[in-house]
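Chemist: Fold the following.
(chains A and B)
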Amino acid sequence: MKQYDVVMIGGGHNGLVTACYLQRAGLDVIVLEKNAWVGGAATSRELTPGFLYSNCSYVCSLFRPEIMRDLELPKHGLQVISYEGGAVFTRDGDYLASYRDHDSHRREFARFSKRDAEAYDRYARDVTRQCRFIQPLLMRTAPDPFSFKPRDLQEMLYLAKKFGDFSPSEMAATLRFWTMSISDFLDEYFETDVVKAYLALSGIIGTALGPMSPGTAYVLLHHYMGEVDGSVGAWGYARGGMGAVTSALASSFKASGGTIRTGADVAKIMTHRGKATGAVLADGEEVLGKLVVSNADVKRTFLKLVDESALPERFVHRVRHFKMRGSSGKLNIALDSLPEFPALPSGSSCIRGDLHFTDTIERMERGYDDWKAGHWSTDPFVDMMIPTTLDPTMAPPGKHFVSCFVQYCPPKVEGNDWTDADRDAFAETVIKQISDYSPGFRERILHMEVRTPREIEQEVGLTEGNIFQGELTFDQLLFNRPVPGYAQYRSPVRGLYICGSSTHPGGGVMGAPGRNAAAEILRDLRHTPSHMSSAHDVI
Amino acid sequence: MMHLTALRRAEQGHILTPRLETPFHDRLAALSETNDWYSWAGYKAPHSIFDTELEYFAIRSTAALFDISPMVKYRIRGTDAARYLNRLTVRDVTKLGIGRVHYTAWCDDHGHVLDDGTLFRLAADDFRLCCQERHLPWLLDSSGGFSVEISEETAEIAAVALQGPTAFAVLEAAGFDGIETLKPFQLAEFPHAEGSVTISRTGFTGDLGYELFASANAALSLWDRLWAAGSGFGLKAIGYDALNRARIEAGFIVANADFITAEAALRADRERLPDEIGLDWLVDPEKPYFNGRDAILRARAKGTLKHLLVGLEIEGNIPAEGAIVYHRGKKEVGLVTAAIWSPLAKRNIAIATLSRPFGASVTDNLWVEIYAMRELQYQKLMKRARVVPRPFVKLDRRSATPPGRF
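Modeler: Below is the predicted model:
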C-alpha cells in the first residue's frame, strides 16, 4: 500500500497552506477532505443556479500577503478587492456611516458628536500601536516558556525585547488592552452609543462573549491586524467569494504535484507505539503517511480522531477545557434585486460595505444575555454585506448575494439539539430585523441558506460551530494556544501535527497557523524552507 | 430628541462634498489660473493661484492674501479661561494681555508636544486657540474643575492672512481706521458690514502682516473690501507653496511636517519635548503647574533631551529637502524637514532635526547628502552644513510701528 510523506486531514485554508508549503518542499502530500469540495470555512458554493455564496467566512483582510506571494495565489486566480464604508442604522431613522476619506469619516462622526469625531484619530492611533506590536508575532512560532531550547529562549527574548521597547505607559496600555472589555475600552475614547456600537462589533465577532466581557478588546485587535495591499486595517472581498482563496490554494497545491481526495471522511488517526501512521476513512480504508497533519480543530483532532488512550491525561484534560463555544450563525441569501434602505440617501456608498442594525452596546450585551440563557438573540447583531455590489462574478446581473453573519446563536437551544423548526425561527428573527430597515427585503428573496452552529459543525466540522476553532481570549493565545507545551503545532503523538486556527495565532482566514505549522514540520525534517518568506517588516 | 435627529439627518449629505469649500472659495476659484488644489484638513486649498514664484514675490514685495480658514480654531470662554489655558499650555497666559496674541504649545503628561499654535486673548475671559491638528477631546478632558466653555469654531470663522510690505497700506485704504496703532501680536476689532472683523498683527511669513477673522457669512464682502483696496498696492492671492517658502525663511515650524505631534505618532520615539523642537523658549518654569511641566523640567535637569531642531545653512544652491544629515560625512545624525533656496537671504537654508549632542555641543563638520534628480539621474551631493540661528531672514518692517506703507 502506498505510504505518503504527509497525510493532511481536512482541506480548509490552513490545511491547504500547510500542504502547499510541504509539497513545494518536495514531500508527497495527500489532502483528505470529507466534503465533495475543499475549502472548509472558506468556500464559495452554488446552491441555487447562478448564485455563488461565501457560505461561511465572507470578507478577506487577515490572509497574509507573504503566503499569497509564496504560493503564487494570484497566478491561481486569487484577487482581493478593497471595499468602502458601511453603516449602522439607528432606530430613529438615521445611520452612522463609515467612509474611507479621513475628513468625511470625521464629519460623519461629528453629526453625532464633535468630540467623538476628534477622538477617533487617537483611538485609531492607539489600536494601530497595538497592532504594530502583535503583527510581527503572527508569522512566528510562539516560544515555549517551559523549554530551555536555544530557539525558545531566543524567541522569549524576542518577545521580551519587543515588549521592552515599550515605554512604561505603553506597557501598561498593552496589558490593559489585552485584558479589558471592548466596551470599557471604547468608553475611554467616545461618548456616543452608536459610535461605540459601530466600533465594538470587531470585539465580539465569533466570540462567545459580550462587549462588556473582559478580553474582548483583544478580539478587536485581531480584526485590525489585516491589510489589503499594505493598507493596514482595511478589509476586502475575495473576487468570487471566499472560496476563491481555497480554490487558488488547491490549484497551487495540485500544480506542484499534490493530491486532493474529496469525499474522504477521516474517522480515525492511526497510531502505532506513540507515533502517527496514517488515517482511517469512514469506510474503513486506510491512508498511510509518514506524518499526519490535522487541519481539524484541537477538540475534534484529539477527542474524536485520536484514541484517548494514546494521549497523556493532562493534555486531554486541557483539550477538553479549551473554550470553543459556538456563538454565531449565518444566512446566505440570493436576492432578486438590490435591497432598499430608506434611511440611506440614494447612491450611498454604504451599501457596498458592512451594514449593521445594532446601535448601542447595551443591545449587543442583551443579545449575549439571550445566548447565555441558551437561546438565539431575539434582537440579534447582524453583519450584513452585499459583495455583489463590487463583485460581478457571484450573481446574475441585477441580482445580488447577501451575506448575513449573525450573533448570538448558541450551539444548543436551551440545552437541546437544534431542530429544523428552531433553525427557521432563527432565520425569521434575522429577516425580520433586516426588514425593519429594508422594506420589501423578504419579497426579494429567491433562495436562502441558513446555518446555525449545527449546520456549521456538521458540514465544516468546527466543534460547536465556533468559527475561530477556539476563542481568542488571552488565556488561549500565544504559548497557551491550544495547550501549554503544545503550542508549536506538535502534539503528544510523534508525527502528528495540528495546523488549524486552534493554533497560534488563531482564527480568521489568515493562513498564518498553516504556514507556521509547515515551518515546524520542515524543521523536524531538517529541511530549510527557502520557499517560505518571513513576515514582512513592520517599519 | 426628534429635533436633534432632524439636525443630524440634515447633515447626512456632507459625503457628497468630501472636499469642503472655504468661505472664500468663490473668490479663490475665480482667480485661480492653475487650478492646483489640495486638501487642507478636508478643505479645498490652493497649492498655487497663478505662479508660485511670483506669488512668493508678492509676499516679499507687495502684499499677498492667503486663505487660512481651514486652520483649526477653538473658542475658550469663561471665568476660569485664563487659569485653564495656563494649566493647558506651556507659556504664561497671565502675561498675555487683553487684545494680545502669543505663540504657544501644549503637551501631554510626558511633556510631549501635542501641537503648537497661536492664542488670541479677545477679552478677559474670551480666548481663541488656533492650531494645525484637532484636540477637542484633549481640551475638554483638561477642563475638569475649571469654569470654561470650549467650542470648535473652524467652520464658523473665516480667516485670511494679509502679508507683505504693503499690507498696512491695503488695510488703511480699505478704511480700517486706527490700524496704524496696531503693534506686532496685538489685535483689535474693526467694524465690517453689519458686524465686525478681528484683525491681529500676526502672520506666518516673518514680514509685515495681519490676520483677519470674521464670521463665515462676512467672508466674501471682507475679501472684496481688501481686494478693491489692494488694487493700487500689488495685492495678489496666493497658495500654500509660496507661503511655505516665506515661512521657512521666517524659520517657523509646521506640525506634522517638522515634528510629529504626540497624538499622531504611531512610533513612540517620534514624540518630542518642546526643547527638542526649538520651543524651549516658550516654556515658563516659573508659572504655576502646567501639563507636562515635570517631565520637561526633569529632562532638562537630567540632560535626557534626545533631539534638537536647528536652522542650517547649506553650501551651494540645491535645496536639501528630506536630506540626511551626517557628522564627518559618515555618522547619520539627523534629517532635513524643510529646505529652500532663500531668494531674500540668497542662501541655501533648511530646518533639520538632529540627535543631540549634534547641533548642540557638536556643531562642526556637519554635512547633508542631497539626492537631486536631474533628467532621470540622481546627482548625489555631499554638502557642508552650518548651524545658524532662526529666523533666517529678519525684516525691520515686520515690527515697525506705525508700519510703513511699502
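
Chemist: Help me confirm that B:Arg91 comes into contact with B:His102.
Modeler: Yes: with contact defined as CB atoms under 8 Å, B:Arg91 reaches B:His102; the gap is 6.1 Å. All C-beta spots, glycine's among them, are computed from the backbone N, C-alpha and C.

Chemist: Spit out the residues that contact those two alike.
Modeler: B:Leu119 (CB atoms under 8 Å, 6 or more residues apart in numbering or on different chains).

Chemist: neighbour count winner among these two?
Modeler: The neighbour comparison of B:Arg91 against B:His102 (other CB atoms under 10 Å in any protein chain shown) goes to B:Arg91, with 22 against 18.

Chemist: Assumed that one was part of a strand.
Modeler: No: counting by DSSP: H, G, I helix; E, B strand; the rest coil, B:Arg91 is located in no strand; its state is coil.

Chemist: For it, which residues are in contact?
Modeler: Neighbours of B:Arg91 in contact, by CB under 8 Å, 6+ apart: B:His102, B:Tyr103, B:Thr104, B:Ala105, B:Leu119, B:Leu282, B:Val283, B:Asp284.

Chemist: Same question for B:His112.
Modeler: Contacts of B:His112 (CB under 8 Å, 6+ apart): B:Ala262, B:Ala265, B:Glu271, B:Arg272, B:Leu273, B:Gly292, B:Ala295.

Chemist: Looking at these, spot the one nearest chain A.
Modeler: B:Ala265 (7.5 Å; CB to the nearest CB).

Chemist: ok, back up a step: which of the contacts of B:Arg91 are buried?
Modeler: B:His102, B:Thr104, B:Ala105, B:Leu119, B:Leu282, B:Val283, B:Asp284 (16 or more other CB atoms under 10 Å in any protein chain shown).

Chemist: so which of the contacts of B:His112 also contact chain A?
Modeler: B:Ala265 (CB under 8 Å from any CB of the partner chain).

Chemist: mind putting the contacts of B:His112 in a markdown table, distance to A:Ser113, secondary structure and neighbour count included?
Modeler: Output for the contacts of B:His112, formatted as a markdown table (distance: CB to CB, whole Å; DSSP: H, G, I helix; E, B strand; the rest coil; neighbours: other CB atoms under 10 Å in any protein chain shown):
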| residue | distance to A:Ser113 | secondary structure | neighbour count |
| --- | --- | --- | --- |
| B:Ala262 | 23 | coil | 26 |
| B:Ala265 | 25 | coil | 17 |
| B:Glu271 | 27 | coil | 22 |
| B:Arg272 | 30 | coil | 25 |
| B:Leu273 | 32 | coil | 24 |
| B:Gly292 | 27 | coil | 24 |
| B:Ala295 | 31 | helix | 17 |
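
Chemist: will you turn the contacts of B:His112 into CSV that also has pLDDT?
Modeler: Listed next are the contacts of B:His112 as CSV, based on pLDDT from 0 to 100:
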residue, pLDDT
B:Ala262, 96
B:Ala265, 95
B:Glu271, 96
B:Arg272, 98
B:Leu273, 98
B:Gly292, 98
B:Ala295, 97
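
Chemist: and which of the contacts of B:His112 is nearest to B:Ile324?
Modeler: B:Arg272 (18.6 Å; CB to CB).

Chemist: ok, now which ones touch the closest one?
Modeler: Neighbours of B:Arg272 in contact, by CB under 8 Å, 6+ apart: B:His112, B:Val113, B:Phe259, B:Ile260, B:Ala262, B:His307.

Chemist: doesn't B:Glu271 make contact with the fourth one?
Modeler: Yes: taking CB under 8 Å as the definition, B:Ile260 is a contact partner of B:Glu271 at 7.0 Å.

Chemist: re the thing from before, so which of the contacts of B:Arg272 is the closest to B:Arg328?
Modeler: B:His307 (19.6 Å).

Chemist: The closest one: what's it in contact with?
Modeler: Contacts of B:His307 (CB under 8 Å, 6+ apart): B:Arg272, B:Glu276, B:Ile277, B:Thr353, B:Leu354, B:Ser355, B:Arg356.

Chemist: how about 6 Å then?
Modeler: By CB atoms under 6 Å, 6 or more residues apart in numbering or on different chains, the contact set of B:His307 is B:Glu276, B:Thr353.

Chemist: How about the one 10 residues further on?
Modeler: By CB under 6 Å, 6+ apart, the contact list for B:Asn317 reads B:Trp341, B:Asn348.

Chemist: Surely it is within a strand?
Modeler: No: counting by three-state DSSP, B:Asn317 is not part of a strand but coil.

Chemist: Can you tell me the element the closest residue to chain B within the stretch 51-200 of chain A falls in?
Modeler: When scored by CB to the nearest CB, the stretch 51-200 of chain A has A:Asp103 as its residue closest to chain B, at 2.9 Å. If you go by DSSP states H and E, A:Asp103 is part of helix A:102-112.

Chemist: so where's chain B shaky on pLDDT?
Modeler: B:1-2 (pLDDT under 70).

Chemist: closest point of it to chain A, which residue?
Modeler: Counting by CB to the nearest CB, chain B gets nearest chain A through B:Gly42, at 2.9 Å.

Chemist: Looks like that residue contacts A:Asp103 (just checking).
Modeler: Yes: between B:Gly42 and A:Asp103 there is a contact at 2.9 Å, judged by CB atoms under 6 Å.

Chemist: returning to that earlier point: let's have the contacts of B:Arg272 in JSON lines, adding secondary structure and distance to A:Gly284.
Modeler: Formatted as JSON lines, the contacts of B:Arg272 follow (DSSP: H, G, I helix; E, B strand; the rest coil; distance: CB to CB, whole Å):
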{"residue": "B:His112", "secondary structure": "coil", "distance to A:Gly284": "69"}
{"residue": "B:Val113", "secondary structure": "strand", "distance to A:Gly284": "73"}
{"residue": "B:Phe259", "secondary structure": "strand", "distance to A:Gly284": "72"}
{"residue": "B:Ile260", "secondary structure": "coil", "distance to A:Gly284": "66"}
{"residue": "B:Ala262", "secondary structure": "coil", "distance to A:Gly284": "67"}
{"residue": "B:His307", "secondary structure": "strand", "distance to A:Gly284": "72"}
